[in-house]
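Undergrad: could you look at this predicted model? Sequence included:
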Amino acid sequence: MNAKVDAVVRACRVASSEVALFEAVSDQLHDLVPFDGAAWFATDPATLLGTSAVRVENIGTGHCESYWERECLVEDALLFRDVARSSPGVGTLYDVTGNRPASSARFREYLAPQGYGDELRAAFRLGTTTWGVLDLYRERSRAPFTAGDREQIQQIVPPVARALRAFAAGTRSPAAPAGPGTALFDARGTLLSLDAQAEILFAEIGGPDWRAFPATMTPVHAITARATAVVLGRDPGPAVTRLRAASGRWLSLHASRLRGPDGSPGPTAVTVEPARAEQIAPILVAAHALTPREQQVTRAVARGLTSQEIAAELFLSPHTVRDYLKTIFAKVGVSSRGELVATVFAYPANEG
């Protein structure tokens with residue numbers, strides 16, 4: 001590992017939050033793979049939609065709002081879903097288009113108007129789980145990204161992904177207020193109306209200036225775009241995502257495109273509420289890097305089974321089950337079955 005990559009790894013180990021992680025890695029990455037603009041997103045592992053943990057560098061006004069609309073509604077080269085599924089997990093626009101970037105709608109309508117030429121995208125992936133995505137841009141005056149650049153990015157993907165996973169695993173939430181909030185958006189993503197609870201929870205997501213729709217409101221842009229994609233048949237749905245708000249609490253967003261009595265297109269309804277235990281458990285299980293067998297044992301513990309009962313159900317010896325429990329306790333950072341269930345399944349968002 002060269003010294004510049006090692007500096008990125010060190011930055012990952014000391015970051016205090018997802019946004020601080022992106023800032024620290026970006027500072028080091030400029031020396032490793034030069035770039036002129038960037039977008040960094042933590043993602044919901046199940047949907048790959050961006051959360052409120054965002055870093056945006058040198059992206060023009062107006063382009064942030066349409067970013068996830070393009071991602072969800074325009075069939076294009078190098079979409080994040082394709083990058084995450086690809087073997088390398090990293091790709092460049094010049095490479096995938098055969099040095100014909102203008103064949104990409106994103107290049108014509110997003111990159112070129114801002115003076116950018118090539119684009120490099122990466123998925124911060126561990127195994128098959130993606131914890132974040134990266135979008136780097138180079139000005140047209142610069143040479144495109146190279147195979148060497150892609151290899152350098154591949155080297156930093158695991159430590160960044162591990163850091164993002166660790167933030168998810170370490171999240172603890174305060175008690176939640178009662179009831180969901182609802183907001184309506186028009187076809188262009190403009191807020192039409194909302195109730196008092198939605199206003200409270202949107203402020204939790206986007207901060208005190210959420211009405212200006214800063215980058216921290218990315219999940220709202222993303223979920224409304226996904227809802228439109230579902231209606232158009234471009235995505236199987238449902239339009240649901242989970243995110244960690246600035247408060248440290250996990251929230252759930254659900255969006256659906258409404259219709260008028262005559263079938264005409266209506267606004268998009270977004271429901272935002274504290275996430276339920278069953279919604280967050282899969283993220284926490286993945287965040288603690290439990291193997292499939294360890295997940296089976298953990299679910300059995302949550303059901304109240306004894307070691308002997310777990311052994312019989314999974315065709316293991318009781319001794320093997322106890323070994324699994326020791327490993328699971330160490331990974332999750334608990335010392336008892338009760339703590340394990342409370343940490344992974346008894347999510348406190350429904351308390352109040």
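TA: Right, received. Where do you want to start?
Undergrad: how about residue 328, phi and psi?
TA: Reported as degrees, to the nearest 10, the phi and psi values for residue 328 are phi -60, psi -50.
Undergrad: give me the nearest residue to it, chain neighbours excluded.
TA: Distances taken as Cβ to Cβ, 6 or more residues apart in numbering place residue 294 nearest to residue 328, at 5.2 Å, with adjacent residues excluded. C-beta coordinates here come from the backbone N, C-alpha and C atoms, glycine included.
Undergrad: please apply the same query to residue 327.
TA: Using Cβ to Cβ, 6+ apart and skipping residues adjacent in sequence, the residue nearest residue 327 is residue 294, 6.6 Å away.
Undergrad: quick one: buried residues of the helix or strand hosting the one you found?
TA: Residue 294 is located in helix 292-302, with elements delineated by DSSP states H and E. For helix 292-302, the neighbour count (16 or more other Cβ atoms under 10 Å) marks 294, 295, 296, 297, 298, 299, 300, 301, 302 as buried.
Undergrad: the spatially closest residue to residue 101 that is not a sequence neighbour and residue 306: what is the separation?
TA: Distance criterion Cβ to Cβ, 6+ apart; nearest residue to residue 101, sequence neighbours excluded, is residue 107 at 4.3 Å. According to Cβ to Cβ, to the nearest Å, residue 107 stands 59 Å off from residue 306.
Undergrad: looking at the two, which one has more neighbours?
TA: More neighbours surround residue 107 than the other of residue 107 and residue 306, with 23 against 13 (other Cβ atoms under 10 Å).
Undergrad: pretty sure the more buried one contacts residue 100?
TA: No - taking contacts as Cβ atoms under 8 Å, residue 107 lies outside contact range of residue 100: 9.3 Å.
Undergrad: secondary structure class for residue 55?
TA: strand (DSSP: H, G, I helix; E, B strand; the rest coil).
Undergrad: so who does it touch?
TA: 19, 22, 23, 26, 38, 39, 40, 215 (Cβ atoms under 8 Å, 6 or more residues apart in numbering).
Undergrad: restricted to buried residues, select these in ChimeraX.
TA: A single ChimeraX command selects the buried members of those (16+ other Cβ under 10 Å):
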select :19,22,26,38,39,40,215
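Undergrad: ok, so of the contacts of residue 55, who is nearest residue 246?
TA: For the contacts of residue 55, the residue nearest residue 246 by Cβ to Cβ is residue 19; the value is 9.3 Å.
Undergrad: which stretches in the stretch 101-250 of the chain count as helices?
TA: Under the criterion DSSP state H, counting those that start in this stretch, helices of the stretch 101-250 of the chain are mapped to 105-106, 147-170, 196-206, 218-231.
Undergrad: take these and write them to JSON lines, including mean pLDDT.
TA: Formatted as JSON lines, the helices of the stretch 101-250 of the chain follow (pLDDT from 0 to 100):
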{"stretch": "helix 105-106", "mean pLDDT": "96"}
{"stretch": "helix 147-170", "mean pLDDT": "94"}
{"stretch": "helix 196-206", "mean pLDDT": "94"}
{"stretch": "helix 218-231", "mean pLDDT": "95"}
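Undergrad: tell me the contacts of the spatially most central residue of the chain?
TA: The chain has residue 43 as the residue nearest its centroid, 0.4 Å off, counting by Cα atoms, centre = their mean. Contact criterion Cβ under 8 Å, 6+ apart gives 49, 50, 51, 80, 130, 131, 132, 133 as the residues in contact with residue 43.
Undergrad: separate out the buried members of those.
TA: Buried among those (16+ other Cβ under 10 Å): 49, 50, 51, 80, 130, 131, 132, 133.
Undergrad: for the protein, give me the ranges with low pLDDT.
TA: Where the chain drops to pLDDT under 70, the residues are 1, 171-178, 346-352.
Undergrad: which residues of it fall in strands?
TA: 37-43, 50-57, 90-92, 116-126, 129-139, 181-185, 191-194, 239-244, 250-259, 265-274 (DSSP state E).
Undergrad: for the third one, packing partners?
TA: What it means is strand 90-92. Counting contacts by 3 or more Cβ pairs under 8 Å, 6 or more residues apart in numbering; DSSP states H and E, strand 90-92 is packed against helix 80-85, strand 116-126, helix 147-170.
Undergrad: go with 10 Å
TA: Applying 3 or more Cβ pairs under 10 Å, 6 or more residues apart in numbering; DSSP states H and E, we find strand 90-92 packed against helix 80-85, strand 116-126, strand 129-139, helix 147-170.
Undergrad: list the pairing partners of the third one within its sheet, with orientation.
TA: Each strand that pairs with strand 129-139, with its direction, by DSSP bridges: strand 37-43 (antiparallel), strand 116-126 (antiparallel).
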